[in-house]
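Chemist: could you look at this predicted model? Sequence included:
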Amino acid sequence: MLTLSSISISFGGLQVLQSLNLTVPGRGIFGLIGPNGAGKTTVFNLITGLLVPSAGTIDFLGQRLNGSLPHRITRSGIARTFQNIRIFKEMTLLENVLIALGGRASYGAASVLLPWAGYREAERLDRESARGFLARVGLAEKAEQWAGTLSYGEQRRLEIARALATEPKLLLLDEPAAGMNGIEKQQLVEEVVKLNGEGLAVLIIEHDMSVIMGLCHEIAVLNFGSVIARGTPNEIRANPEVIEAYLGKEEQTHVRSEEMLS
Amino acid sequence: MEWLESFWATYSTLVLSIGTNVLLALSIYLTLATGLLTVANAAFMAIGAYTAGVLTTQAGMPFFVALFFGALTPALVALLMGGPTLRLSGVYLAMATLAFGEVVRIIILNAEGLTGGALGLNGIPQLTHGFDVGLTVALTLYVLLRLARSRFGRAMTAICQDETATELMGLNVRGYKLFAFVLGGALAGLAGGLNAHFTFFISPNEYGFERAVEILAMGVLGGTGSPWGAVIGGVLITLLPELLRGLGHYRPLINGVILVVIILYSPKGMWDIVRRLRADLRLPVVN
């Protein structure tokens, strides 16, 4: 579904991704993990068009993405949430979702200006479907509240509702469980499984291993800008290279403890 | 009706100025509400004023045709200029548009054959009447109020709050910005055309830095939460110097103090005060 081929990008002198290859299958939940600074969010920014790779190609459903503007990439069926929540705090929940519906242009400028051109009806339908998206993440009864008044977990759910309103085929979740308590994490896992069951492919970045291992059908591990391992959760858990990337080499810790003792 | 006639004889220029200033405030409301700090509106006003003025005085065109081109020409200039400059944001955009204003002023100053240069354009027929200004303001307000409540207005507010997030919701952010900039340019040009046809005389210095800041002050003072904010700002900035006439040389000082106080206590402008008052009185909020 989504293929990144030999993608490279550097910021200043720092090579963040070095000829990265990654294929995300059209169904299922795909995890992208790795230590801090491995380049995970950079991958998301490249896919969604916020960054342009210095080399390599990104293809989505047979369409070349790199070089496209972000809003076109979203319209082609990729939606995302953000590591640091980016809802519109000074708008109501309903308006937040309505913005996302706005990309589809349910009515034109002319119908806004001419009272008889059916703009009220189009607006009413938009509001109805926006309420529908809020209901899917359990926020329907808070539709008229300011988004800034929501709890952290609710804000993350609103972000998902907003992403869903763009009608994506692939949903990118950037650390959706960050800052959530145990119950909220459980709800998140159930919600993502449900969405995936409805046919939505998911690419998820997450540090919480219980969430990743419980959700993902397949995982890729990123370290220093390249994929060092790929497989099912069980394969990843047993992979010595992955353990090394996360915890360091055994000898090194050994040496360090020896140094400390002496 | 006698008092009305004498009132109009004394205050017609002031009333017409309020009208054109409200148009200018609405023109900068469009860009401010989209999160763009542009100060090119004085230059767009100049282009509109000179286009319309030259067309009536030198080409003998009918008033409404001159006004039409007075709005169209700055809109086209905005369209050409918007592509490269609207990639900038914040202070950089303000500086680029400020520089553009100077360029326009200097071009007008040097195109003596057409504009009269530093001597200004003289003898513009006084064709603007209360009716023209009233109708233009009413129509503009109607259009902008409807836009503000539609998905277009929501998109503008969203861009103002978080441009990147808006873009990733599938909205053409560059398109919306250009739309706000071009429509703002057209409105400023229209205001310039109307203004030129009741002041009899225009000169390049009327459209310099001071005018640019004055227009910005109207937008900021009124607030960008609704087109009504721009109306409040335009009316207040026009009336303040008249109301403070008794203070003589201290007028600009008091003007500045009032602006500072409003920005300190209600950073979102006068409209926000009105909005909060209405919320307190539990009246239904229109916008």
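Modeler: Done, it's in.

Chemist: count of residues packed around residue 126?
Modeler: All of this is about chain A. Residue A:126 has 21 neighbours, counted by other CB atoms under 10 Å in any protein chain shown. From N, CA and C alone the C-beta is placed, and that goes for glycine too.

Chemist: nope, chain B please
Modeler: 11.

Chemist: does it sit in a helix, a strand or a coil?
Modeler: Under DSSP: H, G, I helix; E, B strand; the rest coil, the three-state class of residue B:126 is coil.

Chemist: please name the nearest non-neighbouring residue to it.
Modeler: residue B:198 (5.6 Å; CB to CB, 6 or more residues apart in numbering or on different chains).

Chemist: element containing the one you found?
Modeler: For residue B:198, the host element (DSSP states H and E) is helix B:173-199.

Chemist: got a list of what residue 162 touches?
Modeler: Here I'm looking at chain A. Shown in contact with residue A:162 (CB atoms under 8 Å, 6 or more residues apart in numbering or on different chains): A:87, A:96-97, A:99-100, A:133, B:169.

Chemist: try chain B instead
Modeler: Residues near residue B:162 by CB under 8 Å, 6+ apart: A:86, A:88.

Chemist: need the pLDDT of it.
Modeler: On the pLDDT scale, residue B:162 is placed at 94.

Chemist: interface residues of chain B facing chain A?
Modeler: Chain B comes close to chain A at residues B:143, B:146-147, B:150-152, B:154-155, B:157-158, B:161-162, B:164-174, as judged by CB under 8 Å from any CB of the partner chain.

Chemist: just these: which are in helices?
Modeler: Among the residues of chain B next to chain A, the members found in helices (DSSP state H) are B:143, B:146-147, B:151-152, B:154-155, B:157-158, B:161, B:164-167, B:173-174.

Chemist: which helix is the longest one in chain A?
Modeler: In chain A, taking DSSP H as the definition, the longest helix is helix A:119-136.

Chemist: near whichever residue of chain B sits closest to chain A, how many other residues are there?
Modeler: Here chain B gets closest to chain A at one residue, residue B:170, 2.7 Å apart by CB to the nearest CB. Applying other CB under 10 Å, we find 27 residues neighbouring residue B:170.

Chemist: ok, residue 203 - contacts?
Modeler: With no chain named, the answer covers chain A. Applying CB under 8 Å, 6+ apart, the residues near residue A:203 are A:2, A:24, A:30, A:32, A:170-173.

Chemist: to clarify, I was referring to chain B.
Modeler: B:116, B:118-121.

Chemist: quickly find the element holding residue A:10.
Modeler: Using DSSP H and E, residue A:10 sits within strand A:2-11.

Chemist: look up phi and psi at the closest residue to residue B:271 other than its chain neighbours.
Modeler: Spatial nearest neighbour of residue B:271, excluding adjacent residues (CB to CB, 6+ apart): residue B:229 at 3.1 Å. For residue B:229, the backbone dihedrals are phi -60, psi -40 (criterion: degrees, to the nearest 10).

Chemist: residue B:111 now?
Modeler: Here is the backbone geometry of residue B:111 (degrees, to the nearest 10): phi -80, psi 60.

Chemist: how near is it to residue B:131?
Modeler: Residue B:111 sits at a distance of 32 Å from residue B:131 (criterion: CB to CB, to the nearest Å).

Chemist: now do the nearest residue to residue B:50 once chain neighbours are set aside, the pLDDT please.
Modeler: Distance criterion CB to CB, 6+ apart; nearest residue to residue B:50, sequence neighbours excluded, is residue B:115 at 5.6 Å. Listed pLDDT for residue B:115 reads 88.

Chemist: count of neighbours near residue B:115?
Modeler: By the criterion of other CB under 10 Å, residue B:115 has 21 neighbours.

Chemist: for the stretch 1-150 of chain B, which segments count as helices?
Modeler: Here the stretch 1-150 of chain B has its helices, by DSSP state H, counting those that start in this stretch, at B:2-33, B:41-57, B:63-85, B:90-110, B:112-115, B:130-149.

Chemist: just the CA trace of the last one, in CSV.
Modeler: Written as CSV, here are the backbone C-alpha positions of helix B:130-149 (Å, rounded to 0.1, in the frame of the first residue of the first chain):
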residue,chain,number,x,y,z
GLY,B,130,-23.7,58.5,1.0
PHE,B,131,-25.7,56.0,-0.9
ASP,B,132,-22.7,54.5,-2.7
VAL,B,133,-20.7,54.1,0.4
GLY,B,134,-23.6,52.8,2.4
LEU,B,135,-24.5,50.2,-0.2
THR,B,136,-20.9,49.1,-0.6
VAL,B,137,-20.4,48.7,3.1
ALA,B,138,-23.7,46.8,3.5
LEU,B,139,-23.0,44.4,0.6
THR,B,140,-19.4,43.8,1.8
LEU,B,141,-20.5,43.1,5.3
TYR,B,142,-23.3,40.7,4.1
VAL,B,143,-20.7,38.7,2.1
LEU,B,144,-18.1,38.6,4.8
LEU,B,145,-20.6,37.7,7.5
ARG,B,146,-21.9,34.8,5.5
LEU,B,147,-18.3,33.7,4.6
ALA,B,148,-17.3,33.9,8.2
ARG,B,149,-20.0,31.4,9.3
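
Chemist: what's in contact with it?
Modeler: Contacting residues not belonging to helix B:130-149 are listed as A:109, A:112-113, B:8, B:12, B:15-16, B:19-20, B:22-23, B:26, B:29-30, B:33, B:63, B:153, B:156, B:187, B:190, B:194, B:226-228, B:231, B:287 [CB under 8 Å, 6+ apart].

Chemist: what residues sit buried inside it?
Modeler: Buried residues in helix B:130-149, counting neighbours by 16 or more other CB atoms under 10 Å in any protein chain shown, are found at B:132-133, B:136-137, B:140-141, B:143-149.

Chemist: hey, which helix or strand in chain B has the poorest pLDDT?
Modeler: In chain B, no helix or strand scores lower on mean pLDDT, DSSP states H and E than helix B:251-265, which sits at a mean of 79.

Chemist: give me the contacts around the following helix or strand past that helix.
Modeler: Next helix or strand after helix B:251-265 toward the C-terminus (DSSP H and E): helix B:270-280. With CB under 8 Å, 6+ apart as the test, helix B:270-280 has contacts from B:221-226, B:228-229, B:232-233, B:236, B:262, B:266, B:285.

Chemist: can you pick the most crowded of those?
Modeler: Ranking the contacts of helix B:270-280 using other CB under 10 Å puts residue B:222 first, with 33 neighbours.

Chemist: show the pLDDT at that residue.
Modeler: Residue B:222 is given a pLDDT of 90.

Chemist: ignoring the adjacent residues along the chain, who's closest to it?
Modeler: Nearest to residue B:222 is residue B:233, by CB to CB, 6+ apart, at 2.5 Å.

Chemist: can you tell me the SS state at that neighbour?
Modeler: Applying three-state DSSP: residue B:233 is helix.

Chemist: where's it relative to residue A:131, distance?
Modeler: Using CB to CB, we find residue B:233 at a distance of 35 Å from residue A:131.

Chemist: ok, now residue A:24?
Modeler: Residue A:24 is 31 Å from residue A:131, by CB to CB.

Chemist: who has more neighbours out of the two?
Modeler: Using other CB under 10 Å, the more surrounded residue of residue A:24 and residue A:131 is residue A:24, with 20 against 17.

Chemist: hang on, that one packs against residue A:201?
Modeler: Yes. Proximity of residue A:24 to residue A:201 meets the contact threshold set by CB atoms under 8 Å, at 7.0 Å.

Chemist: now list whatever residues contact both of those two.
Modeler: A:1, A:30, A:170.
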